[in-house]
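Chemist: Sequence and predicted structure below; questions after.
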Amino acid sequence: MGVKVGEAGPVALAVKRIFLIAFLVVTGVALLVFVGLLALVGGHPRQMENVMAGALVEGLLLGGAFVGFVTFERPWLRLFSVTGWLLTGLMLAAFPAFVWYDSMRTYYAYDRVFSNLAGTGMLAAMFFNLVPVVFLPRMNFVGRAIQGVSVGSLSLAAVVLLVMIWNLFGYDPTIELALGATFGLGIAGALAVFALSKFSLLKAPDPVSAVATTLRLFCPRCGQSQELPLGESACSACQLKFSIDVEEPRCPRCHYNLHKLEATRCPECGQAIVTDAAAAPA
């Protein structure tokens, strides 16, 4: 049974449009805010340094939010994406004010708490935006293990970094070593996932490979019953030539195998699917 491609879900399309419009608006506003801050600080070295560092962080947050937009195509990763977008929006709204305050203020006792909260918010936003990207490639068992170890290592690195941000145990070289080890392992694993996926070493097996490589049929000329291989072949009795092709229904967006699909949407990416039976007039 063939399938026809329907339009993507209206909710998914609406969310995408809202995200892209908001992304462009926020990027423009952030640029104007930091240009204004640079003009306001008047070239003071420390204040200029704070503003430029803040602009870099804003750029990383915006980039992370856009990367997280990719994971929205996978339903089970959407919770991560939406959480990352919300945290990013909160930080984008609050961080310019924090940079301005940090540049213009004198020291107050609660300044450290504000700094820690800002660092925690940025870390959480980047984590929820970027970590799900590691799960995007569809991998086999070994690949999924590498994905799990990578995300686990990045999670531990985030915890260690939170400990450092809040200075929970004072200065300890062991904590820095733990951060380097967990972060390095996580990044190496993430790069390995995409490299191995690119070269097809650890990709999940193609569902079509489960289809038998031979087909039993009757020759339409001599009636001989036989099993013939897929592709180019010929009748074993009368040598009538055959060209046997099989193609399972697939989602054209993500190529997910739709064999035995009962739902009206692709379970992998949410693309609407209309079967021939459903499309036929009553």
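Modeler: Right, received. Where do you want to start?

Chemist: which phi and psi does Leu215 have?
Modeler: Dihedral angles of Leu215 (phi, psi; degrees, to the nearest 10) stand at phi -140, psi 130.

Chemist: Please read the previous query as pertaining to Cys254.
Modeler: Per-residue torsions, Cys254: phi -120, psi 0 (degrees, to the nearest 10).

Chemist: contacting residues around it?
Modeler: The contact partners of Cys254, taken as Cβ atoms under 8 Å, 6 or more residues apart in numbering, are Glu73, Cys266, Glu268, Cys269, Gln271. No exception for glycine: its C-beta is placed from N, CA and C like everyone else's.

Chemist: Who wins on neighbours among those residues?
Modeler: Highest neighbour count within the contacts of Cys254: Cys266, with 24 neighbours (other Cβ atoms under 10 Å).

Chemist: So among the contacts of Cys254, where is pLDDT lowest?
Modeler: In terms of pLDDT, Glu73 ranks lowest among the contacts of Cys254, with 66.

Chemist: Helix or strand: which one has Glu232?
Modeler: Applying DSSP states H and E as the criterion places Glu232 in strand 231-234.

Chemist: any idea which element Arg216 lies in?
Modeler: Using DSSP H and E, Arg216 falls in strand 214-218.

Chemist: Quickly run through the sheet partners of the next helix-or-strand element following that strand, with directions.
Modeler: Counting by DSSP H and E, the element after strand 214-218 in chain order, helix or strand, is strand 225-229. Strand pairing for strand 225-229, using DSSP bridges, gives strand 214-218 (antiparallel).

Chemist: what's next to the partner strand, contact-wise?
Modeler: Gln224, Ser225, Gln226, Glu227, Leu228, Pro229, Leu230, Ile244, Val246.

Chemist: Same check on stretch 64-71?
Modeler: Here stretch 64-71 makes contact (Cβ under 8 Å, 6+ apart) with 16, 19-20, 23, 77-78, 80-81, 84-85, 88, 125-126, 128-130, 132-133, 135-136.

Chemist: Need the per-residue pLDDT for Pro205.
Modeler: 58.

Chemist: ditto for Pro281
Modeler: Value for Pro281, per-residue pLDDT: 49.

Chemist: again, but for Glu7
Modeler: Listed pLDDT for Glu7 reads 39.

Chemist: Just confirm Asp245 contacts Ser233, I think it does.
Modeler: No. In this structure Asp245 lies outside contact range of Ser233 using Cβ atoms under 8 Å: 11.4 Å.

Chemist: more neighbours, those two?
Modeler: Of the pair Asp245 and Ser233, Ser233 is the one with more neighbours under other Cβ under 10 Å, namely 17 against 7.

Chemist: Surely that one and Phe242 touch.
Modeler: Yes. Ser233 lies in contact with Phe242 (Cβ under 8 Å); the separation is 5.0 Å.

Chemist: Show me the domain layout of the chain.
Modeler: 139-203, 212-245 (automatic domain parsing).

Chemist: so how far is the last one off the chain centroid?
Modeler: What it means is domain 212-245. On the basis of Cα atoms, centre = their mean, to the nearest Å, domain 212-245 sits 45 Å off its chain's mean C-alpha point.

Chemist: Give the rounded mean pLDDT of that domain.
Modeler: What domain 212-245 shows for mean pLDDT is 85.
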